[in-house]
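In: Sequence and predicted structure are below.
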Amino acid sequence: MNLLDGKKCADSLVADIARKVAGYVESGLRKPHMTVILVGEHAPSESYVKSKIKSCEKAGFEGALLRFPETVTEEELLAKIREINANPATDGLIVQLPLPPHINPQKIINAIDPDKDIDGFHPTNFGKMTLGQKAFRPATAYGICKLLQFYEIPVWGKHCVVIGRSNIVGKPISIMLANDFDIGNATVTLTHIETPRELLLDETRRADIIIVAVGIPGFVTDDMVKEGAVVIDVGINRLDDGKIVGDVDFENVKGKCSWITPVPGGVGRMTVAALMLNTLMAYQNNFNLD
Ligand SMILES: Nc1nc2c(c(=O)[nH]1)N[C@@H](CN(C=O)c1ccc(C(=O)N[C@@H](CCC(=O)O)C(=O)O)cc1)CN2
């Protein structure tokens, strides 16, 4: 079993970005700028946002965190988004999810200028990504592709089974793996927690690559995995004792895999690195750079 080290890969990507940014700044351009909107006091979101701002510093970006109380109205949030959309000094804007129940997340995402939508969640970017056009790609899915590329894990012609159909992970990674550009050309089955158990087992036991994002600790067990498979765990589950575990029963599954991501230290790290790649792209688009 080999570990897919998300920290190592993310550090390498961010160091590459920092070198490029240093060159742009030396030539007289301003730094890339990312704005993060955080609503409320959701503890995991606090930690993710902190790591995004820290990563901005490492990449040579300016990162601004805008905090709103839990009670902020949808209209107040939309007004702030419109203001940032109109500000040419901001290259990328994200609204950290989840949002409080009184705010419709899709309405918020739809309000972000697609040219600043570094999360790649806006329907324009999602559609372009699906059609194979240049677009911001959802960061977790993009990060998984970068991790597979970093470790030179072949995807072409492989049978991939994705478990979980969320808009931010399951759907985009299925599309990206199946597309005939980028990392793609895999044969992909998209399953989810409603998939009948027998059907799910039938698929996962034949899978060369399993990607799971269901938010259920230990969901993927060793009997579901073929010898030599690659297992990508997107889950981040906080147990009562404070421990963070993924959706894979890591201790029992690892012996069967050729490659596996740890949690923490796997896909989560790549999510933040891929967001930095998208921010760099937004900046390069703004200044017509390569
Ligand atoms: N606007 C967005 N909201 C959310 C996204 C997103 O991509 N855009 N994804 C998730 C949360 N997320 C990024 O925002 C995220 C999740 C996990 C990690 C991470 O580094 N995890 C660490 C462990 C975490 C810990 O110790 O607390 C790891 O896996 O090593 C980063 C970002 C939902 N919301």
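Out: Cool, the structure landed. Note that this is a predicted model, so its numbers are computed, not measured.
In: does the residue in the chain positioned nearest to the ligand sit in a helix or strand, and which one?
Out: Proximity of the chain to the ligand (C-beta to the nearest ligand atom) peaks at residue 268, 2.2 Å away. Any C-beta I mention is one placed from the backbone N, CA and C, and that applies to glycine too. In this assignment (DSSP states H and E), residue 268 forms part of helix 267-286.
In: what do you get for residue 166?
Out: Going by DSSP H and E, residue 166 is not in any helix or strand.
In: Then the one 5 residues further on?
Out: Under the criterion of DSSP H and E, residue 171 resides in helix 170-178.
In: Extract the C-alpha set from that helix and format it as PDB.
Out: As requested, the backbone C-alpha atoms of helix 170-178 are provided in PDB (Å, rounded to 0.1, in the frame of the first residue of the first chain):
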ATOM      1  CA  GLY A 170     -19.400  13.400  -6.700                       C
ATOM      2  CA  LYS A 171     -20.900  15.000  -9.900                       C
ATOM      3  CA  PRO A 172     -17.900  17.000 -11.000                       C
ATOM      4  CA  ILE A 173     -15.300  14.300 -10.300                       C
ATOM      5  CA  SER A 174     -17.500  11.800 -12.300                       C
ATOM      6  CA  ILE A 175     -17.600  14.200 -15.300                       C
ATOM      7  CA  MET A 176     -13.900  15.100 -15.100                       C
ATOM      8  CA  LEU A 177     -12.800  11.500 -15.000                       C
ATOM      9  CA  ALA A 178     -15.100  10.500 -17.900                       C
END
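In: Not counting its neighbours along the chain, what's nearest the residue of the chain closest to the ligand?
Out: Of all residues not flanking residue 268 in the chain, residue 236 sits nearest, at 5.9 Å (C-beta to C-beta, 6 or more residues apart in numbering).
In: Also residue 167?
Out: Among residues not flanking residue 167 along the chain, residue 121 sits closest, at 6.9 Å (C-beta to C-beta, 6+ apart).
In: residues contacting that neighbour?
Out: 109, 112, 138, 167-168 (C-beta atoms under 8 Å, 6 or more residues apart in numbering).
In: give me that answer again for 7 Å
Out: 109, 138, 167-168 (C-beta atoms under 7 Å, 6 or more residues apart in numbering).
In: Show me which of those residues are buried.
Out: Neighbour counting with 16 or more other C-beta atoms under 10 Å marks 109, 138, 168 as buried within the contacts of residue 121.
In: Please tell me I have it right and the first one contacts residue 122.
Out: Yes: under the criterion of C-beta atoms under 7 Å, residue 109 makes contact with residue 122 at 5.8 Å.
In: Can you tell me the element the spatially most central residue of the chain falls in?
Out: For the chain, the residue nearest the mean C-alpha position is residue 140 (1.4 Å; C-alpha atoms, centre = their mean). Element membership for residue 140, per DSSP H and E: helix 139-150.
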